[in-house]
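# give the three-dimensional model of this entry:
(chains A and B)
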Amino acid sequence: GEDVEQSLFLSVREGDSSVINCTYTDSSSTYLYWYKQEPGAGLQLLTYIFSNMDMKQDQRLTVLLNKKDKHLSLRIADTQTGDSAIYFCAEGGNYQLIWGAGTKLIIKP
Amino acid sequence: NAGVMQNPRHLVRRRGQEARLRCSPMKGHSHVYWYRQLPEEGLKFMVYLQKENIIDESGMPKERFSAEFPKEGPSILRIQQVVRGDSAAYFCASSPPLDNEQFFGPGTRLTVL
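Numbering: from 1, shown residues only, chains lettered A, B, ... in the order given. Next comes the predicted model:
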């Protein structure tokens, strides 16, 4: 069946770039999403990319999509303590998204 | 404009009891979605509702689980005769008509003893 895989943890130093990776299996997905979940809060849509795009940049966030390898990444430049959260990758074409298990981003001082 | 509200935030039930989870969508949103998240897993779609209608319940277990979104009041996810395997975080999301972007609530963490 369809599946989305992410590493469970990523640790980076404050000020460095964070790169969170995701692989998926459904090549027919129209959209790929990144959501952020802070402790005790709901999931917040960070950014999304259409499947016909390779890259999308939004301030400190850069999303790269490699359709051939079914690989999606989220790069956060100049990582700050406020970026500590769990980041979820999701794919889909309508309301039924397939979700990864989330990557917990840990910021070291 | 308040975000999506869910209550309670934490719910503890003993096996065999009923759990009722509530979700109030954002103002102007008529579409509600429920998801379940087991520990160290991604969210799994359960059900999609519009006011007074179940649009898609393909992710709902066939027994013990039901959902409604009445004309007035919050959406309710009801789990009868809970078992330990029902312990999870249950997230609700809402969206306005004609827009796929879903706005999520903080979730209800259900623990079954």
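
# residues of chain B that sit close to chain A?
Neighbours of chain A within chain B, by CB under 8 Å from any CB of the partner chain: B:3-4, B:6, B:9, B:31, B:33, B:40-45, B:48, B:56, B:58-59, B:91, B:93, B:95, B:100-107. Glycine gets a C-beta too; all of them are placed from N, C-alpha and C.

# and the residue in chain A positioned nearest to chain B, what are its bridge partners?
Going by CB to the nearest CB, chain B is nearest to A:Trp99 of chain A, at 3.2 Å. Beta-bridge partners for A:Trp99, by DSSP bridges, are A:Ala90.

# who touches it in this structure?
By CB atoms under 8 Å, 6 or more residues apart in numbering or on different chains, the residues touching A:Trp99 are A:Val4, A:Phe88, A:Cys89, A:Ala90, B:Gly42, B:Leu43, B:Lys44.

# run the last query once more with 6 Å
Contacts of A:Trp99 were listed using CB atoms under 6 Å, 6 or more residues apart in numbering or on different chains, and they are A:Phe88, A:Ala90, B:Gly42, B:Leu43.

# distance of it from B:Phe91?
Separation of A:Trp99 from B:Phe91 (CB to CB, to the nearest Å): 10 Å.

# ditto for A:Met55
Taking CB to CB, one finds A:Met55 at 29 Å from B:Phe91.

# does the one residue sitting closest to the centre of chain B sit in a helix or strand, and which one?
In chain B, the residue lying closest to the centroid (CA atoms, centre = their mean) is B:Trp34, at 3.8 Å. Using DSSP states H and E, B:Trp34 falls within strand B:31-37.
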